[in-house]
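> mind looking at a prediction? Sequence and model below.
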Amino acid sequence: MCERALEVVRDVQAELEFDLVLVDIGGDPELEARYREHLPVVEIDGERAFTYFVEPVSLRARLAGS
């Protein structure tokens, strides 16, 4: 995950208090094939919510609806 995306997610996490799991795809051929060209990827409840960048207002809205 890029540092900017992680910063946005952590800022929103401080407000909304949700669990965050960081996954290192390095060394896992299946994960690398699935995600490498879309990094960073943020999933919410197992569904892809953001790729490339995370917009804070949209992240808050998505989390409120989950």
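Alright, I've got the coordinates.
> what's around the closest residue to R36 other than its chain neighbours, how many residues?
Leaving aside its sequence neighbours, R36 sits nearest to I25 (Cβ to Cβ, 6 or more residues apart in numbering; 7.0 Å). (C-beta placed from N, C-alpha, C; glycine too.) Burial of I25 is recorded as 16 neighbouring residues (other Cβ atoms under 10 Å).
> again, but for the one 3 residues further on
A total of 12 residues lie near D28 under the criterion other Cβ under 10 Å.
> ok, now how distant is it from E15?
Here the criterion is Cβ to Cβ, to the nearest Å. By it, D28 lies 31 Å from E15.
> repeat that for L6.
Distance, L6 to E15, using Cβ to Cβ: 15 Å.
> which of these two has more neighbours?
Higher neighbour count among L6 and E15: L6, with 16 against 10, using other Cβ under 10 Å.
> name the SS class of the more buried one, please.
Three-state assignment for L6 (DSSP: H, G, I helix; E, B strand; the rest coil): helix.
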